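Colleague: heads up, no residue letters with this:
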């Protein structure tokens with residue numbers, strides 16, 4: 001959740017959740033009478049106390065860490081939400097599931113469009129990530145212009161949407177960008193991120209070498225990965241199925257908005273139990289070891305639609321989120337005990353997962369193209385923010401601001417409006 005302030009108004013960029021690592025075991029929690037929360041959202045008290053000054057909420061893309069808290073927090077804000085068609089579809093499905101119906105006004109915006117949201121002029125710029133319609137933004141005000149990257153990477157061969165267009169961002173150097181607020185998730189990694197096409201090739205090789213059933217664990221919102229796996233199933237003579245409601249919901253939204261290829265059928269999970277082992281390629285929820293998700297049920301042989309057997313293969317096509325190491329290790333042990341093979345990124349030289357975030361060379365390229373006066377790293381722990389700031393320094397960005405959650409940065413001096421009473425017109429950013 002990022003907040004931009006100017007001339008007495010605020011603009012919110014994203015309203016997401018993060019998944020919480022357990023503080024203790026379930027038995028300890030029961031003994032101590034503790035309630036353990038599964039997810040965490042930013043503290044909205046600052047802006048909820050000023051909700052009459054909140055001009056609107058912009059959702060950059062449909063990942064949970066950018067959209068997931070909105071159904072729960074919107075009632076504190078009660079302002080319009082601006083986003084693109086696919087993200088709007090995901091949001092409406094979440095709202096319907098949680099019983100909010102049509103209460104939230106959602107305004108759909110097209111790529112390249114510029115609209116006024118209160119005192120802010122906001123432009124949507126298509127970028128590459130790991131799902132349909134990810135966007136970066138130029139936020140324009142009389143006090144200065146901000147380039148907000150949201151989540152991004154330079155991918156010249158993405159599975160969804162168009163390849164990365166460097167020209168769009170080179171043009172920003174001519175637009176006097178005051179500050180660039182930039183994704184830092186992979187800022188500690190050297191080189192370039194892996195393309196989704198390379199990941200597709202690595203996964204295809206793994207599936208071709210498998211003799212039994214193949215089940216792939218990945219994040220349910222990663223439509224690019226799901227499309228890759230559906231293509232691999234078709235090319236290797238397997239049926240493609242989804243194990244888990246969130247996966248089915250994501251593919252349903254992609255179909256509804258034209259992002260799912262018509263020639264890639266999805267088999268009902270129930271029918272997988274009637275197929276030969278070498279005919280099955282399924283994607284399952286629970287790549288982080290969540291106890292109620294499909295991968296955990298498959299490991300315990302309690303999944304209702306199909307049972308895995310010795311010689312089958314489970315592929316983890318995802319990163320390990322810090323705090324989930326033990327849960328994933330226990331999940332792999334459960335499969336190993338049943339002679340079910342597992343494959344993680346560290347087990348092979350083939351890329352079976354592609355991050356959706358920029359590494360160091362991509363960060364330097366973007367800073368050199370945009371040429372902002374100020375770099376503000378966001379998204380990540382302190383070491384990621386500091387590494388991002390170092391990339392900005394190497395790219396000759398004169399000012400770098402790193403801070404903690406909740407910090408307020410003043411980016412431009414207060415201005416006086418000509419021929420009017422003195423008013424403040426500062427532009428600011430609060431990271432929460």
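Modeller: Done, it's in. Source: prediction; values computed, not measured.
Colleague: And residue 95, how far from residue 174?
Modeller: In this structure, residue 95 and residue 174 are 40 Å apart, going by C-beta to C-beta, to the nearest Å. Every residue, glycine included, has its C-beta placed from N, CA and C.
Colleague: Which one's more surrounded, the two?
Modeller: More crowded of residue 95 and residue 174, by other C-beta atoms under 10 Å: residue 95, with 18 against 8.
Colleague: Leaving out the residues flanking it, which one is nearest to the more buried one?
Modeller: Leaving out its chain neighbours, the residue that sits closest to residue 95 by C-beta to C-beta, 6 or more residues apart in numbering is residue 71, at 5.6 Å.
Colleague: Contacts only, for that neighbour.
Modeller: Contact analysis of residue 71 by C-beta atoms under 8 Å, 6 or more residues apart in numbering lists 91, 94-95, 98, 100.
Colleague: Run through the stretch 1-150 of the chain and note the low-pLDDT ranges.
Modeller: 19-38, 99-102 (pLDDT under 70).
Colleague: Do you have the helices of it handy? List them.
Modeller: For the stretch 1-150 of the chain, helices defined by DSSP state H, counting those that start in this stretch occupy the ranges 26-32, 45-48, 64-67, 70-73, 85-97.
Colleague: Tell me which of those sits nearest to residue 195.
Modeller: helix 85-97 (21.0 Å; C-beta to C-beta).
Colleague: picking that back up, among the contacts of residue 71, who's most crowded?
Modeller: Highest neighbour count within the contacts of residue 71, by other C-beta under 10 Å: residue 91, with 23 neighbours.
Colleague: For the residue nearest the centre of the chain, what are phi and psi?
Modeller: Centroid-nearest residue in the chain: residue 63, 3.8 Å away (criterion: C-alpha atoms, centre = their mean). Backbone torsions for residue 63, taken as degrees, to the nearest 10, come to phi -80, psi 150.
Colleague: re earlier: which members of the contacts of residue 71 are the farthest-apart pair?
Modeller: Within those, 91 and 98 form the most distant pair, 10.7 Å apart (C-beta to C-beta).
Colleague: Do a quick rundown of the helices in the stretch 201-350 of the chain.
Modeller: So, for the stretch 201-350 of the chain - with DSSP H, counting those that start in this stretch - the helices run 223-235, 245-256, 294-299, 325-337.
Colleague: which helices and strands does the third one pack with?
Modeller: Here helix 294-299 is seen to pack against strand 214-217, strand 280-284, helix 325-337 when contacts are counted using 3 or more C-beta pairs under 8 Å, 6 or more residues apart in numbering; DSSP states H and E.
Colleague: so of the helices of the stretch 201-350 of the chain, which one's packed in deepest?
Modeller: Burial of the helices of the stretch 201-350 of the chain is given as mean neighbour count (mean count of other C-beta atoms under 10 Å); helix 294-299 ranks first at a mean of 24.
Colleague: From residue 366, how far out is residue 234?
Modeller: Counting by C-beta to C-beta, the gap from residue 234 to residue 366 is 35 Å.
Colleague: one step back: looking at the helices of the stretch 1-150 of the chain, which is closest to residue 156?
Modeller: The closest of those to residue 156 is helix 85-97. By C-beta to C-beta, the value is 21.4 Å.
Colleague: what comes into contact with that closest one?
Modeller: 59, 61-62, 67-68, 70-71, 81, 83, 101-104, 106, 108, 131-133, 221, 249-250, 252-254, 256-257, 259.
Colleague: out of these, which are buried?
Modeller: Among the contacts of helix 85-97, the ones that count as buried by 16 or more other C-beta atoms under 10 Å are 59, 61-62, 67-68, 70-71, 81, 83, 104, 106, 131-133, 221, 249-250, 252-254, 257, 259.
Colleague: For the residue nearest to residue 336 when sequence neighbours are not counted, report the pLDDT, please.
Modeller: Sequence neighbours aside, residue 342 is the residue nearest to residue 336 in space, at 6.9 Å (criterion: C-beta to C-beta, 6+ apart). pLDDT for residue 342: 97.
Colleague: pretty sure residue 342 contacts residue 316?
Modeller: Yes: Residue 342 is within contact range of residue 316, at 7.0 Å (criterion: C-beta atoms under 8 Å).
Colleague: more neighbours, these two?
Modeller: residue 316 (24 against 20).
Colleague: residues contacting the more buried one?
Modeller: 216-217, 287, 328, 342-345, 352-353.
Colleague: Run a quick neighbour tally on residue 323.
Modeller: The number of residues packed near residue 323 is 12, by other C-beta under 10 Å.
Colleague: End to end on stretch 298-310, go ahead and measure it.
Modeller: Stretch 298-310 has its terminal residues 12 Å apart, counting by C-alpha to C-alpha, to the nearest Å.
Colleague: what do you get for stretch 294-311?
Modeller: Stretch 294-311 end-to-end distance (C-alpha to C-alpha) = 19 Å.
Colleague: Not counting it itself, show me its contacts.
Modeller: For stretch 294-311, contacts defined as C-beta under 8 Å, 6+ apart pick out 211-213, 215, 217, 243-244, 269-270, 272-273, 277, 280, 282, 284-287, 289-290, 314, 331, 334-335, 338-341.
Colleague: what about that stretch, average pLDDT?
Modeller: Computed over stretch 294-311, the average pLDDT equals 96.
Colleague: Next: stretch 406-414.
Modeller: pLDDT averaged over stretch 406-414 gives 90.
Colleague: what about residue 114, how many neighbours?
Modeller: Applying other C-beta under 10 Å, I find that residue 114 has 11 neighbouring residues.
Colleague: wait, I meant residue 105
Modeller: The burial count for residue 105: 12, using other C-beta under 10 Å.
Colleague: and it, what is it in contact with?
Modeller: 80-81 are the contacts of residue 105 under C-beta under 8 Å, 6+ apart.
Colleague: For it, give its distance to residue 160.
Modeller: Distance, residue 105 to residue 160, using C-beta to C-beta: 27 Å.
Colleague: Then residue 106?
Modeller: 21 Å.
Colleague: repeat for residue 131
Modeller: 7 Å.
Colleague: what touches both of the two?
Modeller: 223-224.
Colleague: and residue 107, what does it touch?
Modeller: Residue 107 touches 80-83, counting by C-beta under 8 Å, 6+ apart.
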